[in-house]
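Undergrad: Okay, sequence plus prediction incoming.
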Amino acid sequence: MSINDLPVLSALRTKMQWHQERQRVLSENVSNSDTPNFKPKDLVEPKFNSTGQPVGGFAALTLTRTSAAHIAPSSGDNASFDQNRKVGFLTRPAGNAVSLEEEMLKVSANQMDYAAATSLYGKSLRLLKTAIGKA
């Protein structure tokens, strides 16, 4: 059995990938805070069953170029998580619904959760090494 097959480590890896993708989405919200008619996006947090496998499928997020002058999205994105469409309730006269305060709170909470997941992942690996006598 490979270490990658352990449900706990697989769930933690999925959680860390979700936090990385969410950080990218939140940074796009912040960078478009002055773009007219921009609506902020967020990701739905993945749910796990008792075996550590994600529950429900994740639909791929795709970026859309609305102008040929826009930079093309990189093809190496891990865009495999559901998008939360219930964000951005306050809209400014220009149609922009990004609140920098809310986005920065989300960024900081996301960063702390990612740090907790990476810490748990590292501790799990150290525990496994101790169990097999390598530490």
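TA: In hand now; what should we look at?
Undergrad: Let me know how buried residue 66 is, in neighbour terms.
TA: Using other Cβ atoms under 10 Å, residue 66 has 6 neighbouring residues. Just so you know, the C-beta spots here come from the backbone N, C-alpha and C atoms, and that holds for glycine as well.
Undergrad: my read is it is in a strand, agree?
TA: No - according to DSSP: H, G, I helix; E, B strand; the rest coil, the state of residue 66 is coil, so it is not within a strand.
Undergrad: From residue 98, how far out is it?
TA: When distance is defined by Cβ to Cβ, to the nearest Å, residue 66 is 17 Å away from residue 98.
Undergrad: Show me the residue sitting in the middle of this structure in space.
TA: By Cα atoms, centre = their mean, the chain has its centre lying nearest to residue 22, at 2.7 Å.
Undergrad: Is the closest residue to that one other than its chain neighbours bridged to anything, and to what?
TA: Leaving aside its sequence neighbours, residue 22 sits nearest to residue 43 (Cβ to Cβ, 6 or more residues apart in numbering; 4.7 Å). As for beta bridges, residue 43 partners with residue 83 under DSSP bridges.
Undergrad: Kind regards, and thank you for your time.
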